[in-house]
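Enquirer: Here's my sequence, what's the structure:
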Amino acid sequence: MVEIDAQGIHYRDLNQRVRRLIGQGKREFNLINVNGQRYIGDGLASSVRMEINGTPGNDLAAFASGVEITVHGNVQDGVANTLNDGKLIVHGHAGDILGYGMRGGQVYIKGKVGYRVGIHMKGYREQEPVIIIGGTAGDFLGEYMAGGKIILLGLNRIRDEALVGNHLAVGMHGGVIYLRGEVEPNKLGREVRPEKLGQDDWDDLERLLADYCREFDFSLKEIISADFWKLIPVSSRPYGKIYAY
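Expert: Numbering: from 1, shown residues only. As a prediction, this is how the structure comes out:
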């Protein structure tokens, strides 16, 4: 594994160094003292593994396909933007617009996330994007979601802390959102409806959460012992009437 000390390095220089080493055949990296450097792992199509210690900047793993990144810290905005494939594991919190336009891969967040997470998510052919959030989420979760799965667990909430913000799943027209707990009806977009889980849903949920729980050393049995709801779209074309065709 190649170790790179990112302290004081401009983000462009850091990313160029990583790409140069990949060109030389290196596939495993340990980045230490990362502090806001942007675009780490962007566009990488190789089977690259990275351990990041610190707080990477915006657009981590954007447009990547096949990369596996573990962050020992928090991440900022735009993480996994249009991720095509790969795996991102964050042992902390995440900012806004996580997983924008994701087409595949898995994003595991141990803590909380910000606003507009999972918007415009979509599956691509056999690919199914998955975002699992251990804590709570801000407004507009799953906005205009077209495919894939979002699982919101709400673990370790403080007293009176809401599971999710307002405008949940507004414009959603594909995929499914699993919620560990109930959400006030006034927070839901008009384009979705809540349902109790069937056996197929529970099987799917347990399959997806098994890997997540292994990564963070959570108890799968404890997590799935709570009540879950799912949000599904009421139409695959909710705004069809406003278009000419």
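
Enquirer: use CA for all of it now, contacts and neighbours both
Expert: Will do.

Enquirer: In the one helix or strand Asp203 maps to, which residues are buried?
Expert: Per DSSP states H and E, Asp203 falls inside helix 199-216. The neighbour-count criterion (16 or more other Cα atoms under 10 Å) identifies Asp201, Leu205, Glu206, Leu208, Leu209, Tyr212, Cys213 as the buried residues of helix 199-216.

Enquirer: now Leu163: how far from Val90?
Expert: Distance of Leu163 to Val90, given as Cα to Cα, to the nearest Å: 19 Å.

Enquirer: next one: phi and psi at Tyr124?
Expert: In terms of degrees, to the nearest 10, the main-chain angles of Tyr124 are phi -130, psi 110.

Enquirer: Tell me, how many residues neighbour it?
Expert: Residues lying near Tyr124 (other Cα atoms under 10 Å) number 14.

Enquirer: was I right about it contacting Gly104?
Expert: Yes. With contact defined as Cα atoms under 8 Å, Tyr124 and Gly104 form a contacting pair (7.0 Å).

Enquirer: ok so, going back, check the offset of the helix holding Asp203 from the chain's centre.
Expert: 15 Å (Cα atoms, centre = their mean, to the nearest Å).

Enquirer: Can you classify Ile89 by secondary structure?
Expert: Using DSSP: H, G, I helix; E, B strand; the rest coil, the structure places Ile89 in strand.

Enquirer: tell me the contacts of it?
Expert: Residues near Ile89 by Cα atoms under 8 Å, 6 or more residues apart in numbering: Ile69, Thr70, Val71, Val107, Tyr108, Ile109, Lys110, Glu215.

Enquirer: same question, Gly92
Expert: Val71, His72, Gly73, Asn74, Val75, Ile109, Lys110, Gly111, Lys112.

Enquirer: Tell me how far the fifth one lies from Ile109.
Expert: To tie it back to what came earlier, the one meant is Val75. Computed as Cα to Cα, the Val75 to Ile109 distance reads 9 Å.

Enquirer: Residues that sit against both of these two, list them.
Expert: With Cα under 8 Å, 6+ apart as the test, Val75 and Ile109 both reach Val90, Gly92, His93, Ala94.

Enquirer: where does the protein have low pLDDT?
Expert: 236-245 (pLDDT under 70).
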